[in-house]
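Engineer: Whatever this is, show me its structure:
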Amino acid sequence: MSRWTGVALVTGALVAGLATQAPGASGAPRASLDADVRAVRAAGGDVRVLAETDTGHGVRRARAGGGTQPTPWNAQFRAASTTKTFTATVVLQLAAERKLSLDDTVEKWLPGVVSGNGNDGSRITVRDLLRQTSGLFDYVDDPALAAALGGDFEKVRHDATPARDWVAVAVRHRPLFTPDHRNPRWAYSNTNYLLAGMIAEKASGDDWRTLVEHRVIAPLGLRHTYVPGANPYLPGPHARVTLRAPGGAVLDVTEHSLQHTADSGLVTTTADLNTFFRALLGGKLLPPAQLAEMKRTVERTGAREDLAEWPRGGYGLGIRWTPLTCGGGYWHHEGDGFGTYTRTGVTDDGRRAVAVSVTSAGDTPDRVRLNRATRKLVDDALCDAAN
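Structural biologist: Numbering: from 1, shown residues only. Below you'll find the predicted structure:
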């Protein structure tokens, strides 16, 4: 979950949809995928939807929305918080190489960065950051930032504020709680992944962008996944992203650099996401011990908004677990950006994966309804393939 989308109030109307097979996709998409994609669009409102499954029975795609200009089959989009799984993977690789420990404190690596107003980096571990049990205030919820984003978007469109400065914004606020490592409390905070990225940089000597590119993107051959940094443009095929402002004006937010840090700064495609998650859960990116650590979940305590959106399942190190109706469960991480919504799912053995991209064409979806529809799509795809 990312709260970036909460800064704009928009409305919209449902328009005619389209769902069909991608040119070159192997096999015809099953009726359930078409129906589920249409259901996601109905839940989202004035949005475009693209879904891709890789389930052991060939790759299938379906899309809806956009009229005569639907989302390109190979569309690039901002992954938003799905970036966190990439960041967690890099940190766990460094832990496997003993360049850092999950039990290291923030204070050890970033002296004085998390201090004041009840914040204490000596009581927060790297593990706390990755599993969202630090209690740190989410910088995205800062009132001044929210006011700036909800005002004149053009003034912030090309923002390139470094991670350290956003952390400074976060620690101006008191933490939600102090970490308790025997009985961990949970609260989602984007600030955690800014700090995780900063620690990875300090421990490795490379910047976060280089780490992700060299350790994940290149080894997996993710040709359409990259870290744009402060570059606001999407050079590859993509859908335009528009939001309707309170006054009724349509705002094109496709190009921006607001999400450029380790919590949200990745651009990718549905195909590349499926490749990444299948490789991750298939053990191709992490040694067994670190993958097991990633999959060790905690209960999401006292998180009303999060529990409304994801009523079942726990949170591991940069990855969620949700049960399947056919037994077992799947791993995933959502991403909510400015008019872009990413949903994923991969089975525990890494054999079957699903990725969904939802793009606003006016509406900001109700995430509870959107997540209910995307959960059904993922469940149907993964359970159908298991039979």
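Engineer: for this structure, what helix or strand is lowest in average pLDDT?
Structural biologist: Lowest mean confidence among the helices and strands of the chain (mean pLDDT, DSSP states H and E): helix 143-149, at a mean of 85.
Engineer: Would you mind extracting the C-alpha trace of the helix or strand just after it into CSV?
Structural biologist: Sequence order places helix 153-156 as the next helix or strand after helix 143-149, per DSSP states H and E. C-alpha atoms of helix 153-156 as CSV (Å, rounded to 0.1, in the frame of the first residue of the first chain):
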residue,chain,number,x,y,z
PHE,A,153,0.8,19.7,-9.2
GLU,A,154,3.1,21.5,-11.7
LYS,A,155,5.1,22.9,-8.8
VAL,A,156,6.0,19.4,-7.6
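Engineer: How many residues are close by Arg372?
Structural biologist: The number of residues packed near Arg372 is 15, by other C-beta atoms under 10 Å. To be clear about C-beta, it is placed using only N, CA and C from the backbone, and glycine gets the same treatment.
Engineer: for whichever strand or helix holds it, packing partners?
Structural biologist: According to DSSP H and E, Arg372 maps onto helix 367-386. Helix 367-386 is packed against helix 31-44, strand 47-54, helix 304-309, strand 329-332, strand 340-347, strand 353-362, with contacts defined by 3 or more C-beta pairs under 8 Å, 6 or more residues apart in numbering; DSSP states H and E.
Engineer: Just put the ones you listed in JSON lines and tack on mean pLDDT.
Structural biologist: Formatted as JSON lines, the helices and strands packed on helix 367-386 follow (pLDDT from 0 to 100):
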{"stretch": "helix 31-44", "mean pLDDT": "94"}
{"stretch": "strand 47-54", "mean pLDDT": "97"}
{"stretch": "helix 304-309", "mean pLDDT": "94"}
{"stretch": "strand 329-332", "mean pLDDT": "98"}
{"stretch": "strand 340-347", "mean pLDDT": "98"}
{"stretch": "strand 353-362", "mean pLDDT": "96"}
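Engineer: and for stretch 104-113, what are the contacting residues?
Structural biologist: Identification of contacts with stretch 104-113 by C-beta atoms under 8 Å, 6 or more residues apart in numbering yields 100, 114, 120-126, 129, 164, 167, 171, 195, 198-199, 202-203.
Engineer: switch to 7 Å and redo it
Structural biologist: 114, 121-122, 124-126, 164, 167, 195, 198-199, 202-203 (C-beta atoms under 7 Å, 6 or more residues apart in numbering).
Engineer: returning to that earlier point: buried ones in the helix holding Arg372, by neighbour count?
Structural biologist: With burial defined by 16 or more other C-beta atoms under 10 Å, the residues of helix 367-386 counted as buried are 367, 370-371, 373-385.
Engineer: Ok, which of the helices and strands packed on helix 367-386 comes nearest Ile319?
Structural biologist: strand 329-332 (5.1 Å; C-beta to C-beta).
Engineer: Tell me which other helices or strands the closest one touches.
Structural biologist: Under the contact criterion of 3 or more C-beta pairs under 7 Å, 6 or more residues apart in numbering; DSSP states H and E, strand 329-332 touches strand 320-323, strand 340-347.
Engineer: for these, which one ends up most surrounded?
Structural biologist: Mean neighbour count (mean count of other C-beta atoms under 10 Å) peaks for strand 340-347 among those, with a mean of 27.
Engineer: Residues in contact with it: which ones?
Structural biologist: In contact with strand 340-347 (C-beta under 7 Å, 6+ apart) are residues 77-80, 82, 241, 273, 277-278, 281, 330-335, 352-359, 365, 370, 374, 378, 382.
Engineer: Can I get that strand in PDB? Just the C-alpha atoms.
Structural biologist: Extracted in PDB, the C-alpha atoms of strand 340-347 (Å, rounded to 0.1, in the frame of the first residue of the first chain):
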ATOM      1  CA  THR A 340      -1.300   3.800 -11.300                       C
ATOM      2  CA  TYR A 341      -2.100   0.700  -9.300                       C
ATOM      3  CA  THR A 342       0.000  -2.500  -9.500                       C
ATOM      4  CA  ARG A 343      -1.200  -5.900  -8.200                       C
ATOM      5  CA  THR A 344       0.800  -9.200  -8.300                       C
ATOM      6  CA  GLY A 345       0.600 -12.800  -7.100                       C
ATOM      7  CA  VAL A 346       3.000 -15.700  -7.200                       C
ATOM      8  CA  THR A 347       2.600 -19.200  -5.800                       C
END
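Engineer: Going forward, count from 778.
Structural biologist: Sure, I'll start counting at 778 from here, so that last one is strand 1117-1124.
Engineer: ok, that strand: who's next to it in the sheet?
Structural biologist: strand 1106-1109 (antiparallel), strand 1112-1113 (antiparallel), strand 1130-1139 (antiparallel) (DSSP bridges).
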